[in-house]
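**Q** Provide a 3D model corresponding to the input given below.
(one chain, ligands or ions: 1)
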Amino acid sequence: MREHPTTRPATRRRSRVVPSVLLASAFVLAACGDAEQNALDPAGPYAQAPHDLITIVAIIALVVFVLVQGLIIYSVVKFRTRKDDDGSLPVQVHGNTRLEIFWTVIPAVILAVIAVPTVQMIFETMDEPDEEFMTVEVIGHRWWFEFYYPDHDIYTANELVIPTDMPVRLEMTATDLARSPDRGVLHSFWIPRLAGKQDLVPGQTTTLNLQADEPGRYLGQCAEYCGLSHVNMRARAVALNDADWDQWVEDQTAPAEIPDEGTLAAEGRALYADLGDGRQACASCHQAWEGDANRAPNTGPDLTHLMSREEFAGAIVDMTEENLRAWLEDPDNIKPMQYESNGIGMPNLDLNDDELDALVAYLLTLE
Ligand SMILES: [Cu+2]
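**A** Modelled structure (predicted):
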């Protein structure tokens with residue numbers, strides 16, 4: 001014999017509704033928490049322009065939405081089945097030419113009106129800035145961004161350091177066969193609070209302007225799926241005030257410090273150049289420029305002033321001694337790469353504890 005057969009399903013249904021609602025609101029609230037990549041909170045003119053456009057379009061869309069939904073609700077209520085309903089239909093409208101023209105022309109006019117500021121904004125934000133600007137070359141690698149400052153001959157990675165209040169024009173491409181084994185895929189550069197996004201294409205140069213009105217750190221990320229660690233390909237724009245910017249340029253153009261002989265760091269420097277046991281040298285992929293004539297880029301991030309950055313490995317880990325050691329010990333554990341199968345990323349070089357100590361000590365001197 002079953003007791004209360006009718007109440008059971010109801011209880012079960014309610015008990016499922018409550019957690020679902022809670023879960024859904026948790027997701028919604030979680031999305032609000034991390035505002036670091038919020039295009040609705042622009043921090044410079046090149047992000048402000050698309051933001052303003054979105055606002056206009058959203059208002060128009062809202063008016064259309066309310067109008068259409070209002071008409072639907074009105075019809076549903078007005079023509080609902082009533083108690084004394086005899087089943088007859090209200091007057092049916094068919095092939096009303098005037099109505100057809102009306103609701104074809106209205107959307108066309110709305111779209112034409114929106115097109116004007118849209119096209120205008122696209123040209124304005126993509127053109128070379130009118131005022132004085134700085135150029136930075138961006139190269140997308142799997143899975144990190146390389147930056148080169150042609151005016152200063154500075155190479156760096158992950159952190160795009162820029163002066164505040166000055167337009168920066170990015171000239172961007174992605175690695176090709178000549179430079180690196182990680183060739184041949186698209187990336188997209190996107191710092192939501194500073195600019196829209198733009199693809200990086202192997203063999204082509206695309207451009208993107210950005211500017212930060214206030215000093216600060218602005219998070220961004222690769223916005224075009226590029227394989228295994230796409231999600232670990234972040235970028236940081238770091239806007240400095242004038243004095244800090246001048247200092248940064250001075251620091252970055254200086255060669256790397258050479259550690260005193262007999263120190264642990266000096267041992268690390270020797271290992272960096274030659275690991276022995278047939279292992280590939282750090283120096284064959286990285287550059288720690290010591291002032292010799294040639295400061296050429298290499299396949300991996302430039303390490304000359306590694307410690308001037310606050311994050312590494314695609315700006316996903318904090319630059320701490322502990323994290324650097326963990327990275328050298330097993331890079332794949334921090335960021336899945338495909339060195340063994342495809343030559344992409346950084347290999348595990350089977351370093352023992354003594355080698356790790358020395359190499360980390362050396363890296364810490366690269367300020
Ligand atoms: Cu990418």
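**Q** the chain: helices as residue ranges?
**A** 7-33, 45-78, 97-126, 242-253, 264-273, 321-329, 331-334, 339-342, 353-365 (DSSP state H).
**Q** who's in contact with the residue lying closest to Leu160 once chain neighbours are set aside?
**A** Closest residue to Leu160 apart from its sequence neighbours, by CB to CB, 6 or more residues apart in numbering: Ala237 at 4.7 Å. Where C-beta positions appear, they are placed from N, C-alpha and C, glycine not excepted. By CB atoms under 8 Å, 6 or more residues apart in numbering, Ala237 lies in contact with Glu159, Leu160, Val161, Ile162, Ile191, Leu194, Leu210, Ala212, Arg217, Tyr218, Gly220.
**Q** my guess is the second one meets Leu240, correct?
**A** It stands for Leu160. No. Contact criterion CB atoms under 8 Å: Leu160 and Leu240 do not qualify, at 11.2 Å.
**Q** more neighbours: these two, which one.
**A** Neighbour totals were compared for Leu160 and Leu240, and Leu160 leads with 25 against 18 (other CB atoms under 10 Å).
**Q** can you give me the distance of Thr365 to Val231?
**A** Per CB to CB, to the nearest Å, Thr365 is found 32 Å from Val231.
**Q** which of those two has more neighbours?
**A** Of the pair Thr365 and Val231, Thr365 is the one with more neighbours under other CB under 10 Å, namely 20 against 15.
**Q** okay, the helices of the chain in JSON lines with distance to Leu170 next?
**A** Below are the helices of the chain laid out as JSON lines (distance: least, CB to CB, whole Å):
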{"stretch": "helix 7-33", "distance to Leu170": "28"}
{"stretch": "helix 45-78", "distance to Leu170": "11"}
{"stretch": "helix 97-126", "distance to Leu170": "11"}
{"stretch": "helix 242-253", "distance to Leu170": "17"}
{"stretch": "helix 264-273", "distance to Leu170": "31"}
{"stretch": "helix 321-329", "distance to Leu170": "27"}
{"stretch": "helix 331-334", "distance to Leu170": "27"}
{"stretch": "helix 339-342", "distance to Leu170": "27"}
{"stretch": "helix 353-365", "distance to Leu170": "28"}
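**Q** closest one to the ion among the ones you listed?
**A** Evaluated over the helices of the chain, closeness to the ion peaks at helix 339-342, with 14.9 Å, by CB to the ion.
**Q** pull the CA atoms of that closest one into CSV?
**A** C-alpha atoms of helix 339-342 as CSV (Å, rounded to 0.1, in the frame of the first residue of the first chain):
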residue,chain,number,x,y,z
TYR,A,339,57.1,19.6,-26.4
GLU,A,340,57.6,15.8,-26.7
SER,A,341,55.1,15.4,-29.6
ASN,A,342,55.2,18.7,-31.4
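**Q** from the contacts of Ala237, list the buried ones, please.
**A** Glu159, Leu160, Val161, Ile162, Ile191, Leu194, Leu210, Ala212, Tyr218, Gly220 (16 or more other CB atoms under 10 Å).
**Q** who's the last one bridged to?
**A** Going back to what we said before, that points to Gly220. Beta-bridge pairing for Gly220 (DSSP bridges): Ala235.
**Q** could I get the full set of strands for the stretch 101-250 of the chain?
**A** Counting by DSSP state E, counting those that start in this stretch, the stretch 101-250 of the chain has strands at residues 134-141, 144-149, 154-157, 159-163, 168-174, 187-190, 198-200, 206-210, 216-222, 234-240.
**Q** alright, I will stop here.
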